[in-house]
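In: Pasting the sequence and the predicted model now:
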Amino acid sequence: MFLIRPSTSSPLNSSAHFVPPRPLPRPVRGKMLLLRSHRLLSSTSAFLSSYKAAIKTSRLAPLGLRAMAAYSAAAASPSRLLLRQLFEKESSTYTYLLADLAHPDKPAVLVDPVDKTVDRDTNLVKELGLKLIYAMNTHVHADHVTGTGLIKKKMPGVKSVISKASTAQADHLVDHADKIYFGGLFLEVRATPGHTVGCVTYVTGDGPDQPHPRIAFTGDTLLIHGCGRTDFQFTENYSRPSQIFTLPKDTLIYPAHDYKGFTVSTVGEELLYNPRLTKDEETFKSIMEDLKLTYPKMIDIAVPANMACGLQDATTKS
Ligand SMILES: N[C@@H](CCC(=O)N[C@@H](CSS)C(=O)NCC(=O)O)C(=O)O
């Protein structure tokens, strides 16, 4: 089990660290199991319940207005987790910015940043007064160059993160069940191979201080009502991804791409309506073989760059 505690000289010291994980349930062999438009903020259920109760008891608010007020209040509530879903339109990639607003440093992480939108993302980090500590990837992307290299140059102290199984380079190589802390919040690493062997899903923690419902950043493993292509590094046991499908049904699903206009789903929704991942392995394979997708335009540039995952200079020197 991989663990990192930043050294005392590390700028990350007070805000982030990896801790020894408790093992997550491994999926049964043969069943490899495995977030909202702008400004979704997770609220505590206590806040929501009390707010909804207040709205319900207001005799002045007509029904529609009551619903809208509850929605806006949730979105504007001073919750602990800050979450932004950001879109890069050329590759239809979602990047996620998360931060712990309850921590004095407001430590933040970026999941799946894209090189082309690094200025937008780092400006947002500064505008919101956050301290970016990790630039993380769910896998080695084939359709765009990760933003981790540029981010590390613009914001020294930021560390890149990717799974060990990806065989890519990064400052931190993580394993299944590792926990990645930013302030008092953390992301759990769940191995979800399928689209690539090193694909992982980052899931918000389980516990009273962690966001509820839980949130899964599924990369390309689970796209909303779809999944990542399997013609790069096909791995067995991709369908019915237990590391995602055994999460509570209200767990929010935020993927790395969307090509159809979706922004967020839930585990429950995907269990019912995902047209690929709900199938048995044989049916899944034949669906995937019939897709006949064209190769990503950027693949020859993106994969070598992403294998260095923000350590391009180190790679060139060695
Ligand atoms: N046309 C795009 C690539 C589109 C594509 O292949 N997307 C991948 C994820 S990025 S490698 C995928 O898995 N798609 C699944 C699907 O069902 O579309 C380009 O040229 O970059």
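Out: Perfect, thanks for sending it. Just so it is clear, the structure is predicted and the values come from calculations on it, not from any experiment.
In: Then Tyr295 would be within a strand, right?
Out: No: applying DSSP: H, G, I helix; E, B strand; the rest coil, one finds Tyr295 to be coil, outside a strand.
In: Return the distance of it relative to Val303.
Out: Distance, Tyr295 to Val303, by Cβ to Cβ, to the nearest Å: 11 Å. Glycine gets a C-beta too; all of them are placed from N, C-alpha and C.
In: Who has more neighbours out of these two?
Out: The residue with more neighbours, out of Tyr295 and Val303, is Val303; 18 against 12, by other Cβ atoms under 10 Å.
In: didn't the more buried one look like it was pressed against Val145?
Out: No: the criterion here is Cβ atoms under 8 Å, and Val303 misses it with Val145 at 9.5 Å.
In: Helices of this protein, start to end?
Out: 45-57, 63-76, 118-127, 148-154, 242-245, 267-273, 281-289, 299-308, 312-317 (DSSP state H).
In: Near the ligand, which residues of the protein? Just list them.
Out: Residues of the chain found near the ligand (Cβ under 6 Å from any ligand atom) are 91, 142-143, 195, 220, 226, 228-229, 257, 259, 293, 296-298.
In: neighbour-wise, which of those leads?
Out: Among these, the one with the most neighbours (other Cβ under 10 Å) is His195, at 28 neighbours.
In: per-residue pLDDT, that one?
Out: His195 is assigned a pLDDT of 97 by the prediction.
In: Tell me how far it lies from Leu277.
Out: 11 Å.
In: And whichever residue of the stretch 51-200 of the chain sits closest to the ligand, its phi and psi?
Out: Residue of the stretch 51-200 of the chain nearest the ligand, by Cβ to the nearest ligand atom: Asp143 (3.6 Å). For Asp143, the backbone dihedrals (degrees, to the nearest 10) come out as phi -110, psi -10.
In: Excluding sequence neighbours, find me the nearest residue to it.
Out: Spatial nearest neighbour of Asp143, excluding adjacent residues (Cβ to Cβ, 6 or more residues apart in numbering): Pro296 at 3.8 Å.
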